[in-house]
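Asker: sequence plus the predicted model coming up.
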Amino acid sequence: MSLYTITGAQLAFGHVALLDHADFSLESGERVGLIGRNGAGKSSLLKIVAELAKPDDGLITRQQNLTTVYVPQEPEFDTDDTVFDAVAAGLTHARALLDEYDAVANQLADEPEGAQHDALMARMNTLQSSLDAADAWNWSTRVATTLQQIGLNGEARVGSLSGGMQKRVALARALVVQPDVLLLDEPTNHLDFDGIRWLEDLLVSQRAALLFITHDRAFLDRVATRIVELDRGRLLSYPGNFSAYQTRKAQQLEIERVENDKADKLLAQEEVWIRKGVEARRTRSVGRIARLVEMRNQRAERRNVQGNVKLDVGQGEKSGKIVAELTDVTKRYGSRTVINSFTATVMRGDKIGFVGPNGAGKTTLLKIILGELQPDEGTVRVGTNLQVAYFDQMRAQLDLDKSLADTISPGSEWVEVNGQKKHVMSYLGDFLFAPERARSPVKSLSGGERNRLLLARLFARPANVLVLDEPTNDLDIPTLELLEELLTDYDGTVLLVSHDRAFLDNVATSVIASEGGGKWREYVGGFTDWQTQSQRSQQLAQEAQKEASREAAREGAKDSAKDSAASKDSSAGRNPQRAAKLSFKEQRELEALPEKIAALEAEQKTIGAQLEDGSIFAKDAQEGKRLSERYAAIDEELLLALERWDELEKRRK
């Protein structure tokens with residue numbers, strides 16, 4: 001039996017049907033990723049499952065005593081609360097039961113035998129059963145265990161935490177309840193790469209069924225066991241992760257297109273027939289006319305795929321060949337060094353992704369590159385003719401009381417993009433804003449719609465440098481994919497801060513990454529290339545340490561061998577049987593070991609040369625992985641061979 005089922009769900013806002021006779025079910029252990037266009041109704045469905053909202057119509061079936069917990073996009077806390085208290089708030093009901101149990105127990109101790117005493121005993125038994133079912137007796141231990149699992153300090157004040165850490169507190173508050181169904185709305189917002197990986201591991205290991213909304217395609221690939229798409233009021237289910245969904249969805253849309261083309265062609269033929277001359281009208285079939293009416297109705301009711309955003313960035317004049325040149329740049333805030341002796345050159349046309357944990361200094365580095373902030377040490381040379389357009393993740397550029405039209409083109413009804421004038425209504429339509437909404441205030445928009453409006457404002461201005469600070473937050477997947485295409489084809493320079501791994505892979509030509517302690521380093525390629533090269537660099541550093549240890553061991557072995565040879569020469573006449581301490585087999589093994597060690601070192605040197613530039617991973621990732629594993633295995637074999645050689649040499653002496 002399903003944990004939760006909704007059949008024939010209907011939900012409408014105004015004339016728009018968000019749910020149109022939609023069906024959905026959630027099974028135990030499933031992890032369902034809910035996707036769809038901005039404004040399609042995903043959050044509304046999540047709230048219906050959480051019992052925070054009701055559909056206009058439809059049959060809902062829930063398992064008895066089903067526990068669901070909903071974590072919104074922007075969780076709210078009392079900022080003065082400690083983390084322990086904020087997490088314990090998830091157990092408010094259990095703690096209330098325990099408080100009532102204690103109160104009843106105290107009353108019972110003072111109550112003489114009689115009807116009131118019996119009523120209190122009955123209530124106490126009921127409360128005990130409820131407390132057992134909710135496992136509420138040890139609620140404090142549950143909170144402490146959850147805090148430890150998620151890596152939170154229970155004594156810290158919630159108001160002092162970053163957005164990412166507050167997200168962890170919200171998840172801890174949900175998980176401490178031990179729900180049957182966990183509902184998450186955009187759980188990766190405010191999390192950096194390490195936080196996202198941590199969340200992926202956490203959710204994959206949870207026993208609770210999971211229904212979550214996200215536009216992070218890499219996250220969907222790792223976590224989801226099924227994709228449900230809310231498309232034109234219907235809920236469509238696709239088994240597997242996001243990559244599997246993409247394949248099936250493309251096939252489905254092609255089938256739908258062919259069917260619609262056939263229906264449109266047949267309708268056109270029937271329309272021609274019905275308008276023929278007098279003779280045709282005398283002989284026309286009543287049944288055929290009825291079929292034409294039905295076809296017209298079906299065509300009118302068809303809900304076509306929603307059009308995509310039409311993005312076109314205003315191209316400014318070309319900037320100088322060098323956008324910025326940084327030499328030994330250092331920046332400190334108090335005793336903390338956020339950038340330590342960093343050198344880099346940003347060329348025209350570069351598309352650079354800035355990655356690192358929250359608070360590492362990505363925005364600071366961006367401002368230094370653009371000349372908006374001066375370094376404490378080092379030099380910065382900013383290029384010529386820079387026209388910068390800035391996308392702010394906090395949407396601070398938007399005046400919430402202004403209308404959409406005034407936000408795009410203040411005091412004018414026209415927008416000029418790439419030398420062509422366009423009416424502001426038409427331009428807003430390119431970003432999926434209906435004409436009747438053009439005079440609405442910005443504050444009436446959802447998060448995704450505000451991001452779309454900010455993109456519309458950004459692209460309406462000529463620019464040759466685009467600075468995008470978390471542009472992917474709240475954007476739906478089709479808009480993300482279109483933005484990727486636009487940035488890939490863009491002739492100017494793109495400086496991009498994002499935690500969307502797929503977006504970085506598809507857009508960035510290089511990555512500048514924080515490596516801790518104010519150290520920054522540039523890597524060629526996108527997010528995956530950075531990870532591969534970074535891991536390889538760490539591995540090479542570890543191998544260099546091992547090589548130094550091996551070199552010391554070899555030098556010691558050589559000295560030992562010289563001493564042994566001298567000892568052998570001096571005692572050859574006096575003690576010819578000295579080497580007899582080794583068996584014949586061991587003697588042969590000792591003689592073969594130098595050749596074996598030399599062969600292993602040669603093999604490792606060859607593999608090291610193949611791995612050093614990282615190109616093998618781009619050509620053949622599997623072969624790159626195999627060579628890396630073999631390189632590490634040779635380390636172990638060399639150490640064993642050297643130890644064995646040393647042992648046999650000592651015995652031989």
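Answerer: Good, I have the coordinates. The model shown is predicted, which means the values in this text are computed figures rather than measured ones.
Asker: just the buried residues of stretch 643-653, please?
Answerer: Residues of stretch 643-653 classed as buried by neighbour count (16 or more other CB atoms under 10 Å): Arg644, Trp645, Asp646, Leu648, Glu649, Arg652. (C-beta placed from N, C-alpha, C; glycine too.)
Asker: in a markdown table: those, plus secondary structure and pLDDT.
Answerer: Output for the buried residues of stretch 643-653, formatted as a markdown table (DSSP: H, G, I helix; E, B strand; the rest coil; pLDDT from 0 to 100):
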| residue | secondary structure | pLDDT |
| --- | --- | --- |
| Arg644 | helix | 83 |
| Trp645 | helix | 82 |
| Asp646 | helix | 78 |
| Leu648 | helix | 83 |
| Glu649 | helix | 80 |
| Arg652 | helix | 78 |
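Asker: from the residues you listed, which is closest to Ala208?
Answerer: The closest of the buried residues of stretch 643-653 to Ala208 turns out to be Arg644 (CB to CB; 52.3 Å).
Asker: separation between the closest one and Ala633?
Answerer: Here Arg644 is placed at a distance of 16 Å from Ala633 (CB to CB, to the nearest Å).
Asker: ditto for Ala86
Answerer: Separation of Ala86 from Ala633 (CB to CB): 48 Å.
Asker: look at these two and report which has more neighbours.
Answerer: Ala86 (25 against 12; other CB atoms under 10 Å).
Asker: how close does the more buried one get to Ser426?
Answerer: 48 Å.
Asker: next one: Glu256
Answerer: Counting by CB to CB, the gap from Glu256 to Ser426 is 28 Å.
Asker: what does Ala208 give?
Answerer: Using CB to CB, one obtains 47 Å as the distance from Ala208 to Ser426.
Asker: neighbour count for these two, which is higher?
Answerer: More crowded of Ala208 and Ser426, by other CB under 10 Å: Ala208, with 22 against 12.
Asker: do I have it right that that one meets Val177?
Answerer: No: between Ala208 and Val177 there is no contact under CB atoms under 8 Å: 9.4 Å.
Asker: ok, now which ones touch the residue nearest to Phe77 when sequence neighbours are not counted?
Answerer: Distance criterion CB to CB, 6 or more residues apart in numbering; nearest residue to Phe77, sequence neighbours excluded, is Val158 at 4.6 Å. Each residue near Val158 by CB atoms under 8 Å, 6 or more residues apart in numbering is listed here: Phe77, Asp78, Thr79, Asp80, Asp81, Thr82, Val83, Ala86, Gln166, Val169.
Asker: isn't the third one up against Leu161?
Answerer: If I follow you right, that is Thr79. No: using CB under 8 Å, Thr79 is not in contact with Leu161; the gap is 9.1 Å.
Asker: between the two ends of stretch 48-59, what distance do you get?
Answerer: Its first and final residues considered, stretch 48-59 spans 12 Å by CA to CA, to the nearest Å.
Asker: redo the buried residues of stretch 643-653 as TSV? Include distance to Asn385.
Answerer: Conversion of the buried residues of stretch 643-653 to TSV gives the following (distance: CB to CB, whole Å):
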residue	distance to Asn385
Arg644	67
Trp645	66
Asp646	67
Leu648	72
Glu649	71
Arg652	76
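Asker: burial check on the residue lying closest to Ala513 once chain neighbours are set aside, number of neighbours?
Answerer: The shortest distance from Ala513 to any non-neighbouring residue, by CB to CB, 6+ apart, is to Val355 (4.9 Å). Residue neighbour count, defined by other CB under 10 Å, stands at 25 for Val355.
Asker: please apply the same query to Glu256.
Answerer: Close neighbours of Glu256, defined as other CB under 10 Å, add up to 13.
Asker: my guess is it is in a strand, correct?
Answerer: No: under the criterion used here (DSSP: H, G, I helix; E, B strand; the rest coil), Glu256 is helix, not part of a strand.
Asker: counting contacts, what elements does the helix or strand that contains Trp198 pack onto?
Answerer: Trp198 belongs to helix 193-205 when assigned by DSSP states H and E. Packed against helix 193-205, as judged by 3 or more CB pairs under 8 Å, 6 or more residues apart in numbering; DSSP states H and E, are the following elements: helix 163-175, helix 217-223.
Asker: what strand or helix carries the residue lying closest to Pro435 once chain neighbours are set aside?
Answerer: Nearest non-adjacent residue to Pro435, counting by CB to CB, 6+ apart: Met425, 4.9 Å away. Using DSSP H and E, Met425 sits in helix 424-430.
Asker: can I get that helix in CSV, CA atoms only?
Answerer: The C-alpha coordinates for helix 424-430 follow below in CSV (Å, rounded to 0.1, in the frame of the first residue of the first chain):
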residue,chain,number,x,y,z
VAL,A,424,8.7,46.6,-23.3
MET,A,425,5.5,44.4,-23.3
SER,A,426,7.0,42.3,-26.1
TYR,A,427,10.4,42.1,-24.3
LEU,A,428,8.7,41.0,-21.0
GLY,A,429,6.8,38.4,-23.0
ASP,A,430,10.2,36.9,-24.1
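Asker: and that helix, what does it pack against?
Answerer: Using 3+ CB pairs under 8 Å, 6+ apart, the elements in contact with helix 424-430 are helix 404-408, strand 414-417, helix 447-459.
Asker: in that helix, what's buried?
Answerer: Buried residues in helix 424-430, defined by neighbour count with 16+ other CB under 10 Å: Val424, Met425, Tyr427, Leu428, Gly429, Asp430.
Asker: now, which of those residues sits nearest Thr61?
Answerer: For the buried residues of helix 424-430, the nearest to Thr61 is Gly429 (41.5 Å; CB to CB).
Asker: if we can go back for a sec, residues contacting the residue nearest to Pro435?
Answerer: The neighbours of Met425, taking CB under 8 Å, 6+ apart as the test, are Ala405, Glu413, Pro435, Ala438.
Asker: need the max-distance pair from the residues you listed.
Answerer: Applying CB to CB across these, the maximum distance is between Glu413 and Pro435, 12.1 Å.
Asker: name the residue in those two with the higher neighbour count.
Answerer: Counted by other CB under 10 Å, Glu413 and Pro435 do not tie: Pro435 has more neighbours, with 13 against 10.
Asker: that older thread, what separates the residue nearest to Phe77 from Lys167, distance-wise?
Answerer: According to CB to CB, Val158 and Lys167 sit 12 Å apart.
Asker: check Ser44 too.
Answerer: According to CB to CB, Ser44 stands 22 Å off from Lys167.
Asker: and the two? Which one has more around it.
Answerer: Set side by side, Ser44 and Lys167 show more neighbours around Lys167, with 23 against 17, by other CB under 10 Å.
Asker: list the residues that contact that one.
Answerer: Contacts for Lys167 (CB under 8 Å, 6+ apart) come out as Pro75, Pro187, Asn189, His190, Leu191, Gly195.
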